[in-house]
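>>> After the sequence you'll find the predicted model.
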Amino acid sequence: MYLLEEKIYFWLLCIIPVLVLLFVYLSYWRYRAQRKYADKNMLSHLIPDRSWFKPILKLVTVCFGIVFLVLALVNLKAGTKLETINREGVDIVFAVDISKSMLAEDIAPNRLEKSQQLVTQIINNLASDRIGLIAYAGSAVPQLPITTDYGSAKMFLQSMNTDLVSSQGTAISEAIQLAQSYYADDTEAAKILVIISDGEDHEGEAIDVAEEAAENGIRIITVGVGTPKGGTIPIKKNGIVKEFKKDRDGKTVITKLNSQTLQEIAVAGNGAYIDGTITASVIEELKEELAGADKALIESQQFADFESQFQWFLACALFFLFLDLFYLEKQTSWLKKLNLFNE
């Protein structure tokens with residue numbers, strides 16, 4: 001198992017095409033300058049020991065040195081053994097509202113991005129719990145089944161957008177029903193469903209479905225994202241606001257946080273409602289809600305004892321860069337006799 005610790009340094013590889021282009025330009029410029037003073041046959045007499053291959057060899061050597069230097073900076077780590085880790089945790093499913101109303105910017109940067117930030121920070125503060133992801137608007141779609149792979153969860157979370165579900169609305173009831181299929185029937189861990197939404201355009205049966213889920217041992221925690229004052233829903237193209245969403249009468253739509261509905265769903269689901277305005281407060285309140293939850297033994301396998309391998313790449317980089325110092329641009333006498341490069 002391998003990990004790349006600092007992937008950002010891969011951008012330094014852009015230096016290589018720049019060097020190649022610069023080399024081609026300088027070679028062409030030098031060729032044009034030399035031809036002004038003498039033709040090809042005369043140049044071979046004026047500079048008989050000049051090698052046409054050595055500059056290319058120097059360029060290739062430097063490029064190899066840069067590649068290995070970048071790999072050293074990236075700091076590749078290798079897992080030396082696979083360990084079975086036994087941990088105690090709960091099963092948490094996050095249902096994220098991705099309806100168009102979540103594009104409102106009454107809470108920065110907008111409701112959907114705020115929801116993604118909240119879930120990401122919650123995941124960062126989890127230790128041994130299993131998590132799942134659901135996206136919903138007019139219907140609910142599964143994103144990630146129950147897993148301990150937090151990295152995959154964050155990746156799927158960031159890919160959520162309002163175009164993921166074609167039908168609009170806020171089908172909280174469908175999200176709750178879908179979440180029930182996520183939990184194993186024989187699990188001893190507490191079943192927690194965290195619904196993150198503005199509560200707009202909800203279906204009336206969500207409360208009844210929440211009560212049914214509570215009877216099946218699922219505790220529902222709702223997180224309200226938005227403000228009571230509300231805001232408009234921008235329609236953007238290439239990141240630029242073109243207009244704002246309008247209703248059938250041509251009036252600009254103002255979407256507001258419906259915290260009352262979310263509170264009713266939380267009560268029906270034997271859970272709690274949390275104001276999602278301040279991220280730190282959400283995390284603390286959620287921790288308090290999870291503190292008394294029943295935990296079960298969760299077994300997982302992961303690579304351990306990761307060791308940095310940068311030193312090998314650094315050694316190779318120094319070798320190639322040091323080797324470049326010994327390359328002269330004139331022909332090597334014994335290679336000249338072999339005429340390997342037809343010079």
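Received, thanks. Numbers count the residues shown, from 1 in each chain.

>>> ok, which stretches of the protein are strands?
Assigned strands in the chain, in chain order: 2-4, 76-89, 91-97, 130-136, 140-147, 191-197, 218-224, 231-232, 234-237, 240-244, 254-255, 272-275, 296-308 (criterion: DSSP state E).

>>> can you redo the ones you listed as a markdown table with mean pLDDT and distance to Asp208?
C-beta: built from backbone N, CA, C; applies to glycine. Output for the strands of the chain, formatted as a markdown table (pLDDT from 0 to 100; distance: least, C-beta to C-beta, whole Å):
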| stretch | mean pLDDT | distance to Asp208 |
| --- | --- | --- |
| strand 2-4 | 70 | 47 |
| strand 76-89 | 66 | 30 |
| strand 91-97 | 94 | 17 |
| strand 130-136 | 93 | 17 |
| strand 140-147 | 91 | 16 |
| strand 191-197 | 94 | 15 |
| strand 218-224 | 94 | 13 |
| strand 231-232 | 90 | 30 |
| strand 234-237 | 82 | 34 |
| strand 240-244 | 80 | 34 |
| strand 254-255 | 89 | 25 |
| strand 272-275 | 94 | 18 |
| strand 296-308 | 61 | 29 |
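
>>> Which stretch among those strands approaches Gly169 most closely?
strand 130-136 (9.1 Å; C-beta to C-beta).

>>> contacting residues around the closest one?
In this structure, residues lying in contact with strand 130-136 by C-beta atoms under 8 Å, 6 or more residues apart in numbering are 89-99, 123, 140-148, 150, 153, 156-157, 160, 164-165, 170-172, 174-175, 178-179, 182, 189, 298.

>>> rerun that using 6 Å as the cut-off
For strand 130-136, the surrounding residues in contact (C-beta atoms under 6 Å, 6 or more residues apart in numbering) are 91-96, 98, 140-141, 143-146, 148, 153, 156, 160, 164, 171, 175, 178, 182.

>>> okay, now the residue nearest to Ile283 when sequence neighbours are not counted: neighbour count?
Distances taken as C-beta to C-beta, 6 or more residues apart in numbering put Asn125 closest to Ile283, at 5.5 Å, once the chain neighbours are dropped. Asn125 has 11 neighbours, counted by other C-beta atoms under 10 Å.

>>> any idea how far Tyr183 is from Asn125?
22 Å (C-beta to C-beta, to the nearest Å).

>>> again with Ser152
For Ser152, the distance to Tyr183 - C-beta to C-beta - is 19 Å.

>>> Out of the two, name the residue with the larger neighbour count.
Ranked by neighbour count (other C-beta under 10 Å), Ser152 and Tyr183 place Tyr183 first, with 22 against 14.

>>> can you list the weak-confidence ranges in this protein?
Applying pLDDT under 70 to the chain picks out residues 1-3, 34-52, 79-87, 201-204, 296-306, 327-343.

>>> Quick one: buried ones out of the contacts of strand 130-136?
Buried subset of the contacts of strand 130-136 (neighbour count, 16 or more other C-beta atoms under 10 Å): 91-96, 98, 140-141, 143-144, 146, 148, 153, 160, 171, 175, 178, 182.

>>> So what would you say the end-to-end distance of stretch 88-101 is?
37 Å (C-alpha to C-alpha, to the nearest Å).

>>> what does stretch 178-197 give?
16 Å.

>>> what's that stretch in contact with?
90-97, 115, 132, 134, 140, 146, 213, 217-223, 293-294, 296.

>>> do stretch 54-66 as well
By C-beta under 6 Å, 6+ apart, stretch 54-66 touches 15-16, 23, 317, 320-321, 323-324, 327, 329.

>>> Could you work out the most separated pair of the residues you listed?
The widest separation within the contacts of stretch 54-66 (C-beta to C-beta) is 22.6 Å, between Ala317 and Glu329.

>>> The two - which one has more neighbours?
With other C-beta under 10 Å as the criterion, Ala317 and Glu329 differ in neighbour count, and Ala317 comes out ahead with 21 against 14.

>>> Quick check, the more buried one in contact with Phe68.
Yes. Ala317 lies in contact with Phe68 (C-beta atoms under 6 Å); the separation is 3.8 Å.

>>> State the distance from Asp91 to Ala140.
With C-beta to C-beta as the criterion, Asp91 and Ala140 are 18 Å apart.

>>> That should have said Gly169, apologies.
11 Å.

>>> residue boundaries of the helices in the protein?
Assigned by DSSP state H, the helices in the chain fall at 15-35, 40-46, 54-74, 111-124, 150-158, 172-180, 206-215, 259-268, 279-291, 310-324, 333-338.
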